[in-house]
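Participant: need a 3D model of the following:
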Amino acid sequence: MDDCALEFGREYEIKVNNKAFNELRAPLYTISQIIVAEALAGNAFRVSSGVLSASSSQQMVMALTNPSGSGIRAVIDSVELSVNTTTLALMKAAIDGTVAGLSAVTAYNLNTEFLGKSPLCTIAAGGGSGVSLTGGSVIYNQFLNILDNHYPFPVVVTPGHSVAMSYTLTSGMSTTQSAFRWRWYEIPLSGGFTT
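Facilitator: The predicted structure is shown next:
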């Protein structure tokens with residue numbers, strides 16, 4: 001192989017590998033490294049709705065809102081739902097839906113060094129009469145038989161947007177109880193992964 005072909009090969013390799021490196025010429029972060037970095041920086045949060053109750057055809061809802069101007073994107077990577085029945089129910093998730101009848105719930109930091117650091121996002125939840133999730137861009141809508149389940153819910157919520165999830169008992173028990181649990185990371189829009 002002549003020198004010209006070797007030089008072309010080196011240039012091609014550099015161009016291809018540029019996509020695998022950041023501006024510092026260091027390898028790009030893996031997802032697990034980003035998660036660890038955000039948790040170490042105090043940007044990882046967990047929230048539970050507490051016990052919610054609803055009768056047949058009533059909704060139980062939890063919503064996360066990233067306020068305008070927050071400077072972060074909220075990356076939800078874990079959603080769990082515990083319910084005291086396996087009766088058929090409708091699960092729905094929507095971006096920028098309209099929610100009603102919810103009350104604020106408190107999230108906690110997953111790094112004990114940052115227990116006093118609150119999330120920039122707000123969380124609200126509720127269940128029963130007057131509680132609803134309507135409209136928005138529906139990203140999940142399915143009938144399920146459910147009891148303590150985890151859901152694939154990788155959602156990125158940018159400033160000025162929200163995401164909400166609802167559970168509606170369709171038949172069977174006259175009253176049911178449930179609890180939502182979500183985990184998310186608040187990653188700065190600029191200036192690296194952590195603040």
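Participant: got the contact list for the nearest residue to Gly116 once chain neighbours are set aside?
Facilitator: Excluding its sequence neighbours, the residue lying closest to Gly116 (Cβ to Cβ, 6 or more residues apart in numbering) is Asn109, at 7.9 Å. Yep, even glycine has a C-beta here, placed from its N, CA and C like the rest. By Cβ atoms under 8 Å, 6 or more residues apart in numbering, the residues touching Asn109 are Gly42, Ala44, Phe45, Leu115, Gly116, Lys117, Ser118, Pro119.
Participant: which one (most neighbours) among the residues you listed?
Facilitator: Among those, the one with the most neighbours (other Cβ atoms under 10 Å) is Phe45, at 27 neighbours.
Participant: next one: that residue from Ser56, what distance?
Facilitator: As judged by Cβ to Cβ, to the nearest Å, Phe45 and Ser56 stand 33 Å apart.
Participant: how's the chain carved up into domains?
Facilitator: Taking automatic domain parsing as the domain assignment, the ranges for the chain are 1-40, 44-188.
Participant: among those, where is the model least confident on average?
Facilitator: When these are compared by mean pLDDT, domain 1-40 comes last with a mean of 52.
Participant: and the helices in this structure?
Facilitator: Secondary structure of the chain, counting by DSSP state H: helices at 3-18, 31-40.
Participant: output the longest strand belonging to this structure.
Facilitator: The strand that spans the most residues within the chain, counting by DSSP state E, is strand 175-188.
Participant: helices or strands next to that strand in the packing?
Facilitator: helix 31-40, strand 44-48, strand 52-55, strand 59-66, strand 72-83, strand 122-127, strand 161-169 (3 or more Cβ pairs under 8 Å, 6 or more residues apart in numbering; DSSP states H and E).
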